[in-house]
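*Asks:* Next come a sequence and a model predicted from it.
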Amino acid sequence: MKWGGIMNYDRREIIKAQLIKNGIVYLNDLCKQFPSVSSMTIRRDLELLEHTGLAVKIRGGAKFVNTFSNVSEPDFIQRIGENIDAKMKIAKVALSYIETGRSVYLDSGTTIMCLATLLPDIRLSILTSGPNIALEILKKHTPSVNIIGGNINRDNLSVSGALALNVLKGINIDIAFISPSGFSFTGGFTCGNNAECEVKKAIIKKANRTILLMDSNKIDKSLPFTFALLKDIDIIITDNPLSDSLKKVAIKANTTIILA
């Protein structure tokens, strides 16, 4: 079936669905399916899917990365390719805060994965709670990579627990990049797992600067466990202008809002 005149987001969602269903997509087939866009545009679509960790490019197309085949949460794969453009924009802005020789913490999450793929091959000391994040950084030659110990949550591929908290006691962090699952005025920045929540709290206390990466889909969404309030965050990078009321609260909290 040919699709004409559809938006970029819709086209990428269709490609993503085919990738997950069939395990592989081919550039020639996609060009026939979407005749109104160029092959270069389709290539960029596949590159975005690769940046989120959902696919790996192969000759003439892309292959689904089935690393997550045993992950229990049904919508995990869906989240990997969700709102790709916004996550990449946010990650590119976050990249400007990374300096050679720094100690950097990278949270788990799909926006952080985008940042990991963009990370330059420079001297950095990276600590992460995401096994997939660590594996992505290992593709580079120069940064050192450490992963906190503990239990791996199959729902979101995040390491947390008492062992992780003990490891953090002896580690210094220059800058931490954190990703929430939701944000609301009443609940603050939230996530869906209590153990993960405690790790995020510990990281924020240890870091000299905390930068929160949040696409607009997370706003007005509240999960059970609060790990931070606005006053705990130095910088928020997001993709859409925030409401005037939220801006006022951020100013009072001395939190800088940056639009990607």
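*Replies:* Arrived safely, thanks for sending. Source: prediction; values computed, not measured. Numbers count the residues shown, from 1 in each chain.

*Asks:* Quick one: residues contacting residue 178.
*Replies:* Taking CB atoms under 8 Å, 6 or more residues apart in numbering, we find residue 178 in contact with 107, 189, 200, 203, 204, 210, 211, 212, 213, 227, 228, 233. In short, each C-beta sits where N, CA and C put it, glycine included.

*Asks:* The fourth one and residue 175 touch, don't they?
*Replies:* No: under the contact definition of CB atoms under 8 Å, residue 203 does not touch residue 175, with a separation of 10.7 Å.

*Asks:* Point to the residue nearest the middle of this structure.
*Replies:* Nearest to the mean C-alpha position of the chain, counting by CA atoms, centre = their mean, stands residue 111 at 1.6 Å.

*Asks:* Check the gap between residue 41 and residue 170 for me.
*Replies:* With distances taken as CB to CB, to the nearest Å, residue 41 is found 48 Å from residue 170.

*Asks:* Looking at those two, which one has more neighbours?
*Replies:* residue 41 (14 against 6; other CB atoms under 10 Å).

*Asks:* a helix runs through that one, doesn't it?
*Replies:* Yes: assessed with DSSP: H, G, I helix; E, B strand; the rest coil, residue 41 lies in a helix.

*Asks:* per-residue pLDDT, it?
*Replies:* Listed pLDDT for residue 41 reads 90.

*Asks:* Roughly how far does it sit from residue 246?
*Replies:* For residue 41, the distance to residue 246 equals 34 Å [CB to CB].

*Asks:* Quick one: name whatever helix or strand follows the longest helix belonging to the chain.
*Replies:* For the chain, the helix with the greatest residue count under DSSP state H is helix 8-22. Later in the chain than helix 8-22, the nearest helix or strand by DSSP states H and E is strand 24-26.

*Asks:* So what's the gap between that next one and the chain middle?
*Replies:* From the chain centre to the centre of strand 24-26 is a distance of 24 Å (CA atoms, centre = their mean, to the nearest Å).
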